[in-house]
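Novice: I'd like to go over a predicted model; first the sequence, then the structure.
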Amino acid sequence: MLNIVIFGAPGSGKGTQSEKLAAKYGLQHVSTGEILREEIDTNTELGKLADSYMSKGELVPDCIVIDMLDCLTEKKRHVKGFIFDGFPRTVPQGVALSQMLSKYGEDVNVVISLEVEDEVLIGRLLKRGEISGRADDNRETIESRLKVYYRQTSPLKDFYREREILKEIEGVGTVEEVFRSIENEVDPFVDPIIKKEWQKQIL
């Protein structure tokens, strides 16, 4: 299997690149936000537990999120791999993710970090706010979100850098240009069996 973690600051294009990675490599796109909403909407026990925190404006504990990811991984054992989008955000979450995957004889293969200068990020988000009318896309809120992101993910980047699987990608350019840079880093990790399947499909 091919397991990818992708993270990037708000406005880095992480969601778009996640979708492209999932499509090209045949991966299951795992967004923790979507999983939480689905569990709550379907009224599962984990969903009820998560909602008890979210309804009070509290963060859902890591153990609950990991349990949800574990359930999904178990159900999707037939896929070629996973791309984890929005998780992990902290070192303890990174450790927990590896421990969960290890139960299936798997681990994270490569971590993509989209690097974009703050002023570019702020400009993108302000423009998005003008188009969508989102009240939280104002400079003060954006700068606050960026500070939280860097505080949380800086240690996580060091964690994956020490494991020699962190790939920092320049997130400026067209969507296709950024994606080509990501492909160059991901391709060496692709299972030869999966590569053969792609070649058959092309032929």
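Specialist: Received, thanks. Numbers count the residues shown, from 1 in each chain.
Novice: At the geometric centre of this protein, which residue sits there?
Specialist: Nearest to the geometric centre of the chain sits residue 85, at 1.6 Å (CA atoms, centre = their mean).
Novice: Skip the chain neighbours and tell me the closest residue to it.
Specialist: The shortest distance from residue 85 to any non-neighbouring residue, by CB to CB, 6 or more residues apart in numbering, is to residue 18 (4.3 Å). C-beta coordinates here come from the backbone N, C-alpha and C atoms, glycine included.
Novice: follow-up on the earlier one: for the residue nearest to the centre of the chain, give me its contacts.
Specialist: Counting by CB atoms under 8 Å, 6 or more residues apart in numbering, residue 85 touches 6, 14, 15, 18, 29, 30, 31, 32.
Novice: Can you tell me how far it is from residue 17?
Specialist: With distances taken as CB to CB, to the nearest Å, residue 85 is found 9 Å from residue 17.
Novice: if we can go back for a sec, give me the buried subset of the contacts of residue 85.
Specialist: 6, 14, 18, 29, 30, 31, 32 (16 or more other CB atoms under 10 Å).
Novice: Rebuild those as CSV, extending it with pLDDT and secondary structure.
Specialist: Listed next are these as CSV, based on pLDDT from 0 to 100; DSSP: H, G, I helix; E, B strand; the rest coil:
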residue, pLDDT, secondary structure
6, 96, strand
14, 93, helix
18, 95, helix
29, 93, strand
30, 92, strand
31, 87, strand
32, 83, helix
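Novice: Just give me the closest of those residues to residue 65.
Specialist: residue 32 (5.8 Å; CB to CB).
Novice: Do I have it right that the closest one meets residue 87?
Specialist: Yes: proximity of residue 32 to residue 87 meets the contact threshold set by CB atoms under 8 Å, at 4.3 Å.
Novice: Mutual contacts of the two, please.
Specialist: Common neighbours of residue 32 and residue 87 (criterion: CB under 8 Å, 6+ apart): 65, 69.
Novice: low-confidence ranges in the protein?
Specialist: Within the chain, the segments meeting pLDDT under 70 span 136, 191-203.
Novice: Now with 50, please.
Specialist: Applying pLDDT under 50 to the chain picks out residues 193, 202-203.
Novice: just so I have it, where are all the strands in it?
Specialist: 2-8, 28-31, 81-85, 110-115, 166-170 (DSSP state E).
Novice: Can you pull out the residues in contact with the longest helix anywhere in the chain?
Specialist: Under DSSP state H, the helix in the chain containing the largest number of residues is helix 139-162. Residues outside helix 139-162 that contact it (CB under 8 Å, 6+ apart): 5, 7, 9-11, 88-91, 93-94, 108, 111, 113, 118, 121-122, 125-126, 166, 168.
Novice: gap between residue 186 and residue 142?
Specialist: Residue 186 is 29 Å from residue 142, by CB to CB.
Novice: An error on my part: the question was meant for residue 133.
Specialist: Distance, residue 133 to residue 142, by CB to CB: 15 Å.
Novice: So for those two, which sits in the more crowded spot?
Specialist: Taking neighbours as other CB atoms under 10 Å, residue 133 and residue 142 compare with residue 142 leading, 23 against 8.
Novice: looking at it, residue 186 is touching residue 83, isn't it?
Specialist: No: counting by CB under 8 Å, residue 186 stays clear of residue 83, with 9.8 Å between them.
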